[in-house]
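J.: using only what follows, build the 3D model:
(one chain, ligands or ions: 1)
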Amino acid sequence: MKKYDVVVIGGGPAGGQAARNLSKKGHKVLLVERFDSFMDNNFSSAGMTLEPLKEFNLPDHIIGAYWSDITLQCTKKSYHWKGDSQKGVVLDYGKLKLFLADETIKNGGEVLTGYKYISKQVNDNSVVLTLQKNKANQTLQVEAKLVVDATGPLRKVMYDTKEAQPKMDLGSGTEYQIEVSPEIYEQYKDRLVFFLGHKWAIKGYSWIFPMEQNILKVGAGKVHLKSKDQENTDKTTKKITEQIITEYLKCDDYKLLDIHGGIIRYSNGLKDTFYNNKVFAVGDAVSAINPRGGEGIRYAMQSADLACVSIDEFLKTGTTNFDNFRKKWRRKKLFKWRLSEMSSQRMYSKYSDAQIENRIQFFHDNFGTDVLIDSLFNFKYNQILSRVFQFLVLKIKYFFKKERF
Ligand SMILES: Cc1cc2nc3c(=O)[nH]c(=O)nc-3n(C[C@H](O)[C@H](O)[C@H](O)COP(=O)(O)OP(=O)(O)OC[C@H]3O[C@@H](n4cnc5c(N)ncnc54)[C@H](O)[C@@H]3O)c2cc1C
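T.: Below is the predicted model:
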């Protein structure tokens, strides 16, 4: 049986970043991914701002396209924000995963694809993991001092049964990657389009993101009412996606390159277990994804970096301050994530089309591109709060003036 300092299960952005990070620090690492290739299961739209490229030192070759503008398309009207320069990117999600795995190998770590985590046995000083080869009965056992659960929404390693998991909010998304004519691509090549309201989205939002020349990602995401709802949700998101392609893009002769999709399982209030019995969980496995926009790659990687601080400390000094990871993450994120939970519940489940339209109109009349990007991606609301405060002060002044006369 091969022995490692750390075995990371799941080769998404969280697992890849954890393996890259720990191998760079000189620890003996194995990264395990159930798919045969990192280019399989290419489910994420992978849109983000420019900051994560620097934050995680990501290379140009994994970028599909840059964007500068944002359009919010509501049921009746379209609102456009023009950027004065490049504001973000759409990554090739498969290439991101492959890059992180390659970095792990370069740093001296090992990568095992086509093997699925099956079970764990926790001993006094180690954990023995049983892995199973894809489409075969062949199993393999490996031993590690610590394990990282980076299996995303499935949380396969942390919880031995589904019942042990906290209550989750559920959602899923479908995305078509299509090749369109140069004329259509030209219109969407440098902007993100988000659809809100019941005409183009149901209990969620839809999107068009640019990729390389003549390629667009078009998709829709929806929250589920019940866990059994996923099949119906997938049918709805497929229907909306096709409606956007044919009616909004007015594109009948597109070439379908790929259909993919994924699920989101999110614990309100971040009640996930972050560490237990020699297992750390990172990324979507601890609800790192932003519950309003579904942006998760940056936070999956940030959570991996934070968990790696405790893991590295333990491997170097034997210190077991494992709860620091949960405490620090919640201190940094809980308030922002709570705000996001509230705003997503209102936007996707409560507001009528007219209410959505009013809010977007107000935002469009009062705020520019950078404030929109800050509020959508960076949880920065300073300018919005100060404008709302000014507005309230004016209203109060007006009220007292009226009372006097
Ligand atoms: C449709 C959709 C669109 C999205 N768009 C965006 C976007 O535009 N921008 C953004 O930032 N985020 C987006 N997200 C969210 C983002 O993709 C996730 O938050 C992010 O991928 C989470 O990373 P992770 O590594 O925690 O989990 P994942 O990316 O889910 O990776 C988990 C990995 O574990 C592997 N695995 C699972 N079980 C096992 C097992 N038993 N054994 C071995 N391996 C296993 C899986 O195959 C997978 O590779 C989107 C999500 C969806 C569903």
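J.: interface residues of the stretch 251-400 of the chain facing the ligand?
T.: Neighbours of the ligand within the stretch 251-400 of the chain, by Cβ under 6 Å from any ligand atom: 261-262, 264, 283-285, 289, 294-298, 300. The C-beta positions use only the backbone N, C-alpha and C, and glycine is treated the same way.
J.: let me know the closest of these to residue 383.
T.: Within these, the smallest distance to residue 383 is 20.1 Å, found for residue 295 (Cβ to Cβ).
J.: wait, that closest one touches residue 301, no?
T.: No - Residue 295 lies out of contact with residue 301 (Cβ atoms under 8 Å); the separation is 11.7 Å.
J.: buried stuff in the helix or strand hosting residue 146?
T.: Applying DSSP states H and E as the criterion places residue 146 in strand 139-149. The neighbour-count check on strand 139-149 (16 or more other Cβ atoms under 10 Å) flags 142-149 as buried.
J.: partners of the next helix-or-strand element following it, with directions?
T.: The helix or strand immediately downstream of strand 139-149 is strand 169-179, counting by DSSP H and E. In its sheet, strand 169-179 lies beside strand 215-223 (antiparallel), strand 255-266 (antiparallel), with partners assigned from DSSP bridges.
J.: point out the most buried one among those strands.
T.: strand 215-223 (a mean of 25; mean count of other Cβ atoms under 10 Å).
J.: off-centre distance for it?
T.: Per Cα atoms, centre = their mean, to the nearest Å, the displacement of strand 215-223 from the mean C-alpha position of its chain is 13 Å.
J.: ok, the strand holding residue 146: who's next to it in the sheet?
T.: Using DSSP bridges, the strands paired with strand 139-149 are strand 2-9 (parallel), strand 127-133 (antiparallel), strand 279-281 (parallel).
J.: for residue 202, which of these is the nearest?
T.: strand 279-281 (31.1 Å).
J.: list the contacts of that closest one.
T.: 120, 127, 146-150, 155, 157-158, 272-275, 307, 310-311, 322, 325 (Cβ atoms under 8 Å, 6 or more residues apart in numbering).
J.: what is the rounded mean pLDDT of it?
T.: In this model, strand 279-281 has an average pLDDT of 98.
J.: ok, now stretch 51-67?
T.: 98.
J.: so is it next to the ligand?
T.: No - figure legend: stretch 51-67 not in contact with the ligand (Cβ under 6 Å from any ligand atom); closest approach 8.1 Å.
J.: how far does that stretch stretch from start to finish?
T.: 13 Å (Cα to Cα, to the nearest Å).
J.: circling back to that earlier point, mean neighbour count added to the strands paired with strand 139-149, as CSV?
T.: Listed next are the strands paired with strand 139-149 as CSV, based on neighbours: other Cβ atoms under 10 Å:
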stretch, mean neighbour count
strand 2-9, 23
strand 127-133, 18
strand 279-281, 28
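J.: for the chain, give me the ranges with low pLDDT.
T.: 226-228, 403-405 (pLDDT under 70).
J.: once you drop chain neighbours, what's closest to residue 229?
T.: residue 170 (7.5 Å; Cβ to Cβ, 6 or more residues apart in numbering).
J.: check contacts around that neighbour.
T.: 223-224, 227, 229-230, 263-266.
J.: pull the most distant pair out of the buried residues of strand 139-149.
T.: The farthest-apart pair in the buried residues of strand 139-149, when distances are taken by Cβ to Cβ, is 143 and 149, at 16.6 Å.
J.: before we move on, back to that, of the strands paired with strand 139-149, which approaches residue 40 most closely?
T.: Nearest of those to residue 40, taken as Cβ to Cβ: strand 127-133 at 15.3 Å.
J.: count of neighbours near the closest residue to residue 336 other than its chain neighbours?
T.: In space, and not counting its chain neighbours, residue 336 is closest to residue 379: 4.4 Å by Cβ to Cβ, 6+ apart. Here the count is done by other Cβ atoms under 10 Å, and residue 379 has 15 residues near it.
J.: list phi and psi for residue 379.
T.: When read as degrees, to the nearest 10, the backbone of residue 379 gives phi 50, psi 30.
J.: want to throw the strands paired with strand 139-149 into CSV with distance to residue 60?
T.: Converted to CSV, the strands paired with strand 139-149 look like this (distance: least, Cβ to Cβ, whole Å):
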stretch, distance to residue 60
strand 2-9, 26
strand 127-133, 34
strand 279-281, 31
